[in-house]
Each structure stands twice: as structure tokens, then as C-alpha cells.
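A.B. asks: Need coordinates for the below:
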Amino acid sequence: MNYTGQVCSGCGKLMSENEDIVVCPVCGTPQHRECWEENGECVNAARHAEKFVWQAEEAQSEPEKESPASEGQSAEVQCCVACGGENSKNALTCIHCGAPLLGGSQAQNPFGPFFNVASATNPFLYGVALDPDSEIEGAKVKDIACYVQTASSRYIPKFKDLSEKKKKVSFNWAALFFGPYWFFYRKMWKVGLIFVGILLAVELAFTGIAQDFQDLYYSYLEMDPKVVASEQIVSAFDEVVDAMLKVLPMFAIQGVLGIVAGFLADPIYKRHVIKDVKNLRQQFSENRAYEAASLKRGGTAIFIAFAAYFGYNVIYNLLLSLAALLIN
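C.D. replies: Presented below is the predicted three-dimensional model:
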């Protein structure tokens with residue numbers, strides 16, 4: 001008897017023509033040899049006492065493959081690799097979990113090849129506990145995350161806290177230590193230029209005093225106690241101390257500017273982000289267009305920060321050279 005298309009009572013799978021089938025000599029139940037050996041007997045052995053006899057059913061076939069029409073319908077949506085949710089074919093991020101979607105060809109995917117992996121997780125909303133569709137001052141969290149990008153899980157809760165509690169200050173250690181260059185890193189050019197301008201003005205104002213201190217200090221270090229009289233060494237040391245006291249205000253002002261930057265960085269960044277996000281949303285109402293523009297406009301610019309640092313030193317030295325030429 002041909003058992004092709006019959007259901008194996010042991011595993012529930014369809015039996016095919018080429019499979020090793022064992023037929024019970026008592027009840028006639030067909031089953032895979034693996035199922036017989038796994039049970040050590042017929043899968044219906046418990047029913048042998050009741051004179052059970054297996055009856056063939058109408059043979060079943062393998063499920064048909066999707067028709068071209070259904071394939072065309074599935075092409076209209078794309079499934080998220082992170083949560084399995086369905087999204088429109090043009091979406092860049094999943095509407096259910098926010099993870100980036102592959103969305104067609106490589107050229108259409110602004111996330112780049114780094115995120116074209118099956119295990120991709122959202123690089124922007126990862127770690128953010130807020131609802132992606134909730135708003136902070138009229139801007140959606142998922143839009144803010146797409147704009148902030150790097151460290152969005154840190155800044156979005158800060159933005160929420162600053163907004164809800166009407167706080168004017170927060171504290172940002174990166175802005176404290178890196179000063180104006182942090183603003184360039186976060187693409188806030190105007191604020192960065194203001195801080196750089198203040199620092200440059202302060203350093204230029206104290207250049208002569210700082211140079212005097214440096215000259216006196218190195219002269220003091222070069223004094224040999226075996227050759228120079230002790231009274232002269234003491235006098236030179238007193239001159240170094242006096243010159244150092246004159247330089248201290250410059251370091252104090254620089255320190256105060258760093259502290260001010262540390263306290264104001266987050267509120268300034270919040271206003272900058274939310275304003276830019278709203279403007280971009282007005283220009284690009286469609287999600288794909290907004291996300292592409294936001295990925296370009298937002299994020300960070302490490303090379304610009306380094307360029308600002310080196311540019312500052314170049315300008316400072318050029319101004320010193322120009323001042324020396326004018327004096328001479």
C-alpha cells in the first residue's frame with residue numbers, strides 16, 4: 001500500500017514515497033521508522049486492547065506556494081528583523097519598535113551598510129524608555145532620536161526632564177572638559193564660535209603677561225645655586241610668583257567659561273534640536289524624506305570639532321605674528 005500523503009501518527013508529519021515506513025502488524029498503523037524506534041513500539045500500542053485498526057484517510061499534499069498575486073501583496077510591506085512587525089515598503093524605521101529597516105536597495109538605505117544585518121537594533125532609540133510617538137515640546141521622541149543619533153538614550157531623557165520641570169540648567173561633563181569644541185561636535189556652529197571668540201580674546205589679552213611668566217620661570221629654573229647668589233635666586237623666585245599671580249585670572253576666566261558651558265550645554269542643545277526637528281518636519285512630512293534629511297542635518301561632526309581646535313591655534317598664532325609686526 002502506498003502511504004504517501006498520509007499523516008504519521010508519531011510526529012504528525014506527512015509521509016513521502018522515499019521515507020522508511022514501518023507498519024504495525026497488530027493495528028496496521030503506518031509510521032516513520034524513527035518514530036517507532038523512539039517509542040519502542042507502535043504509537044497506537046495502548047489501543048491494541050480495544051481492537052483498534054488504522055484507517056487510511058484522504059491523502060494530503062504539501063501546502064501550495066504563494067501565488068504571484070500574494071507575492072505582489074507582500075512586496076508592498078516589509079517585515080522588521082527586530083520585532084517582526086509589518087511596515088510600508090518605503091519606511092526607513094519600524095513603526096513598532098523603531099529599528100532600522102533595509103527598505104530596498106543599498107542606495108536607498110541612508111543607514112549605510114553597517115546596519116544591513118539581520119540582527120540590527122535601533123542605533124537611535126536603543127536604551128530610550130520613552131514612547132517613540134510621545135512628544136517633547138511638540139517634537140516626537142523618534143524624530144528627536146533620529147536627529148540626535150549618538151547618545152540619544154542620554155539626551156532624550158534630559159530633554160524630557162528639562163522640559164517638564166522647566167529647568168534652565170543641567171550639567172554636561174563633555175562640554176565642561178572640551179568647552180567650545182563640544183558645540184562644534186554637536187553641529188552648533190554659532191554657539192561654538194561665540195565661546196571660541198571669548199576664549200581667543202581672553203588668551204590674547206593675557207599673552208604678554210603669560211609670556212613674561214614663562215620667561216621668568218625658565219630663567220629661574222636655569223639658575224645654578226653654585227654660581228648664582230642665594231639672594232638673587234630668592235628675588236627671581238619672587239618675580240616668578242608675582243608673574244604667576246597676574247596669569248591666574250586668565251585661567252580663572254577659562255575655568256568659568258568651561259563651567260558655564262557645562263551648565264548651559266544641555267538646555268542649548270535641547271532648543272537647537274527641537275527647533276531643527278520641527279523645521280525639518282515642516283519641510284518633510286513623509287517619514288522617509290524626513291529621516292534622510294535628519295540623518296544628514298543632525299548627529300555629530302568629530303572632524304569639524306578637530307578642525308575648530310586646530311583652526312583656533314592657527315588663528316591665535318597668526319594674530320600674535322601680526323601684532324609683533326605692528327609693534328616692530
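A.B. asks: ok, now which ones touch residue 149?
C.D. replies: Neighbour list for residue 149: 123-124, 295, 298-300 [criterion: CB atoms under 8 Å, 6 or more residues apart in numbering]. All C-beta atoms are positioned from the backbone trio N, CA, C, and that covers glycine.
A.B. asks: can you pull the contacts of the closest residue to residue 261 other than its chain neighbours?
C.D. replies: Counting by CB to CB, 6 or more residues apart in numbering, residue 261 lies nearest to residue 175, which is 4.5 Å off, once chain neighbours are set aside. Applying CB under 8 Å, 6+ apart, we find residue 175 in contact with 182-183, 258, 261-262, 264-265.
A.B. asks: In JSON lines: the contacts of residue 149, plus neighbour count and secondary structure.
C.D. replies: Below are the contacts of residue 149 laid out as JSON lines (neighbours: other CB atoms under 10 Å; DSSP: H, G, I helix; E, B strand; the rest coil):
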{"residue": "123", "neighbour count": "17", "secondary structure": "coil"}
{"residue": "124", "neighbour count": "32", "secondary structure": "coil"}
{"residue": "295", "neighbour count": "17", "secondary structure": "helix"}
{"residue": "298", "neighbour count": "24", "secondary structure": "coil"}
{"residue": "299", "neighbour count": "17", "secondary structure": "coil"}
{"residue": "300", "neighbour count": "16", "secondary structure": "coil"}
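A.B. asks: Which member of the residues you listed is positioned nearest residue 246?
C.D. replies: The nearest member of these to residue 246, counting by CB to CB, is residue 300 at 38.8 Å.
A.B. asks: is it true that that closest one touches residue 155?
C.D. replies: No: the pair residue 300 and residue 155 does not pass the contact test of CB atoms under 8 Å, sitting 11.4 Å apart.
A.B. asks: what about the strand or helix carrying residue 318, distance to the chain center?
C.D. replies: Element membership of residue 318, judged by DSSP states H and E, is helix 302-327. Between the centre of helix 302-327 and the centre of its chain there are 33 Å (CA atoms, centre = their mean, to the nearest Å).
A.B. asks: Kindly report the same for stretch 179-192.
C.D. replies: 19 Å.
A.B. asks: Contacts made by that stretch with the rest, please.
C.D. replies: With contact meaning CB under 8 Å, 6+ apart, stretch 179-192 is reached by 172, 174-175, 178, 193-196, 199, 257-258, 261, 265, 268-269, 272, 297-302, 304-309.
A.B. asks: those strands in the chain, which residues are they?
C.D. replies: In the chain, the segments counted as strands under DSSP state E are 21-23, 30-32, 77-79, 86-88, 135-136, 139-140.
A.B. asks: Could you pull out the buried residues of stretch 159-174?
C.D. replies: 159-160, 162-163, 170, 172 (16 or more other CB atoms under 10 Å).
A.B. asks: before we move on, the earlier item: how about the strands of the chain, which one is nearest residue 5?
C.D. replies: strand 30-32 (11.1 Å).
A.B. asks: Give the burial count for residue 294, as a bare number.
C.D. replies: 25 (other CB atoms under 10 Å).
A.B. asks: An error on my part: the question was meant for residue 217.
C.D. replies: Other residues close to residue 217 by other CB under 10 Å number 16.
A.B. asks: quick one: average pLDDT of stretch 300-308?
C.D. replies: Mean per-residue pLDDT for stretch 300-308: 92.
A.B. asks: Give me the residues contacting that stretch.
C.D. replies: 149-150, 178, 180-182, 184-187, 192, 196.
A.B. asks: Show me which residues of that stretch are buried.
C.D. replies: By 16+ other CB under 10 Å, the buried positions in stretch 300-308 come out as 300, 304-305, 308.
A.B. asks: now that stretch, how far from the centre of its chain.
C.D. replies: That offset, for stretch 300-308, works out to 18 Å (CA atoms, centre = their mean).
A.B. asks: And for stretch 37-51?
C.D. replies: Distance, centroid of stretch 37-51 to centroid of chain: 59 Å (CA atoms, centre = their mean).
A.B. asks: now that stretch: mean pLDDT?
C.D. replies: The average pLDDT within stretch 37-51 is 81.
A.B. asks: for stretch 225-245, same thing?
C.D. replies: Mean predicted lDDT for stretch 225-245 stands at 89.
A.B. asks: how about it: buried residues?
C.D. replies: For stretch 225-245, using 16+ other CB under 10 Å, the buried residues are 236, 239-240, 243.
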